[in-house]
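[1] A structural model of the following input is requested.
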Amino acid sequence: MGKPMKISIAIAVVLGFAVTSFGDIQDPPMNDYGPTRKFGRGLANLLFAPTEIPVQIQKINKEEGNSAAFSYGVARGIRRSAARHVAGLMELLTWPFPSFLRGSYYPILPPDIPYIHAGYPEFPPEVGNESKYPYVRDSDQDPY
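    Numbering: from 1, shown residues only. Here you go, the predicted model:
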């Protein structure tokens with residue numbers, strides 16, 4: 001093997017490592033949302049959508065009082081539960097394919113990040129306490 005051949009091989013090896021080292025960095029954020037996550041989200045939304053009703057009643061009761069919780073809280077919980085049922089069914093039926101709205105596997109429901117009171121978290125709210133906490137958890141899902 002001559003000197004030019006060794007230099008060519010060394011350059012090819014260095015370039016090969018350089019090209020493959022960028023592969024892990026160039027992972028797009030959309031890769032976190034795939035068909036299996038869409039299927040799981042649809043199943044969770046379809047099965048656990050009724051948890052929106054007690055969570056919204058408790059949230060409205062805390063913010064606006066008993067009368068509002070009994071009327072507006074129930075209505076808001078039923079509306080949000082119905083929206084989760086529809087979105088869950090749509091995501092379950094179309095889980096292998098990207099959404100026609102966004103062309104990706106992102107949730108169908110509008111996110112709760114830009115909308116303080118109107119958006120939806122990706123998964124339904126959890127109700128009750130969990131064993132990993134040493135106390136009973138408040139069910140309004142407010143971290144503050």
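[2] rest of the way, CA atoms for contacts and neighbours
    OK.
[3] show me the shaky parts of the chain.
    In the prediction, the chain carries residues with pLDDT under 70 at positions 1-2, 18-31, 101-102, 114-117, 128-144.
[4] now do the contacts for residue 92.
    38-39, 42-43 (Cα atoms under 8 Å, 6 or more residues apart in numbering).
[5] tell me where the chain has strands.
    Along the chain, counting by DSSP state E, no stretch forms strands.
[6] which residues are in contact with the residue positioned nearest the centre of it?
    For the chain, the residue sitting closest to the mean C-alpha position, by Cα atoms, centre = their mean, is residue 122 at 3.3 Å. By Cα under 8 Å, 6+ apart, the contact set of residue 122 is 41, 107, 109, 111.
[7] kindly report the same for residue 60.
    68-69, 72-73.
[8] now, those residues that are in helices?
    Among the contacts of residue 60, the members found in helices (DSSP state H) are residue 68.
[9] tell me where the chain has helices.
    3-21, 35-48, 52-64, 66-68, 74-93.
[10] make a markdown table out of those helices and add distance to residue 99.
    Below are the helices of the chain laid out as a markdown table (distance: least, Cα to Cα, whole Å):
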| stretch | distance to residue 99 |
| --- | --- |
| helix 3-21 | 31 |
| helix 35-48 | 10 |
| helix 52-64 | 24 |
| helix 66-68 | 36 |
| helix 74-93 | 8 |
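[11] out of those, nearest to residue 100?
    With Cα to Cα as the measure, helix 74-93 is the member of the helices of the chain nearest residue 100 (11.0 Å).
[12] identify each buried residue in that closest one, please.
    74-78, 80-92 (16 or more other Cα atoms under 10 Å).
[13] before we move on, the earlier item: now the contacts of residue 92: which count as buried?
    Listed as buried from the contacts of residue 92 are 38-39, 42-43; burial here means 16+ other Cα under 10 Å.
[14] kind regards, and thank you for your time.
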